[in-house]
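# Below are the sequence and a predicted model; questions follow.
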Amino acid sequence: MATPCGTQALATGPGSPPSFQFAPASPPSQSTAIPLNTGPQAPDVPAENWFRMNGDLNVRNVSAATLTPILPDPAKATGTAVIVAPGGGFLGLAIETEGYAVARWLADHGVAAFVLKYRLVPTPGDFGMFTREMTAGRTGKPSSIRPPQNTPDFSRDDGLAALALVHARAKQWKIDPARIGMMGFSAGAFTTISTTLSAKPGERPAFIAPIYGRLTARDVPSDAPPMFAVLAADDHFFASQGFGLIDAWLQAKRPVEFHLYQDGGHGFGLGKAGTTSNGWINGFMTWLEVNGLLKKR
């Protein structure tokens, strides 16, 4: 489950105390990961560390950004591409549930997917200290680990570099350069929005999908891409912060679709079974198709 920005406590439900289990993990094969060469954000970031939180694979202390292609079967390929940015409050990345799993789903449905492992705020190198501080922060106790309120510049720069790389290799990957989008979860949604609004005109993603991110108002340019946004009404981090971003997109007269699901909480990934959030990504695919963004090559 992702840690959102600007918050520390993470409850599992009304009346139930949060529970977290951490365990060290070996990194998966990264033989296909492409370095983005955006450089370390600081010289003293501890070594990159992979771990499991409640069984799900995560990574922290990322100081060298990469982009991992997960491409569709050529017989299924549509020519559409999505850069996928996992969440984790910029303290880690929920890289399996909000990265690789999402990318595999998209590739299975004909969309070229690229998992962005972007640079993060450093956390303690000692794993025991890290788990103690994370647990304290997520249960509302004092902690030295605090998520930033907004997207760090280095994370945004990694998003911009990922966009540039996919555009540069579009022909190699049999991608339509006019159909390269970006999807982000929680902090990855922050990164998606910041990347989009920071990109130069003509270099923005063709479409974006911020998934359970903060939807407060931003200045929206007249060339903002179509947006597909998802949030659960019981998301205890962002559902109470309003939907100004949706209004801003509408006021800019840019296409937007917004799904406020009755339940699903925060960090539901591809969808939480037994809630209305389950299957949201099918709606995303329908949206792409209706908007002419899913044409067969």
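Received it, and whenever you're ready, just let me know what you need. Numbering: from 1, shown residues only.
# how about the strands in the stretch 51-200 of the chain?
56-60, 66-70, 81-85, 112-117, 180-185 (DSSP state E, counting those that start in this stretch).
# of all these, which lies closest to Gly202?
For Gly202, the closest of the strands of the stretch 51-200 of the chain is strand 180-185, at 12.5 Å, according to CB to CB. All C-beta atoms are positioned from the backbone trio N, CA, C, and that covers glycine.
# what's that closest one packed up against?
For strand 180-185, the contact count by 3 or more CB pairs under 8 Å, 6 or more residues apart in numbering; DSSP states H and E identifies strand 81-85, helix 153-168, helix 187-198, strand 208-211 as packing neighbours.
# Next, the angle from it to strand 81-85.
30 degrees (axes from the mean of the first three to the mean of the last three CA atoms, to 10 degrees).
# partners of strand 180-185 in the sheet?
Strand 180-185 has the following strand partners under DSSP bridges: strand 81-85 (parallel), strand 208-211 (parallel).
# Can I get that strand in PDB? Just the C-alpha atoms.
Provided in PDB are the C-alpha atoms of strand 180-185 (Å, rounded to 0.1, in the frame of the first residue of the first chain):
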ATOM      1  CA  ILE A 180       2.300   8.300 -25.000                       C
ATOM      2  CA  GLY A 181       0.600   8.900 -21.600                       C
ATOM      3  CA  MET A 182       1.400   8.700 -17.900                       C
ATOM      4  CA  MET A 183      -0.400   7.100 -15.000                       C
ATOM      5  CA  GLY A 184       0.600   7.500 -11.300                       C
ATOM      6  CA  PHE A 185      -0.600   6.200  -8.000                       C
END
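# That one: how far from the chain's middle?
Offset of strand 180-185 from its chain centre (CA atoms, centre = their mean, to the nearest Å): 7 Å.
# if we can go back for a sec, just the strands paired with strand 180-185: most buried one?
Per residue and on average, the most neighbours among the strands paired with strand 180-185 fall to strand 81-85, with a mean of 29 (mean count of other CB atoms under 10 Å).
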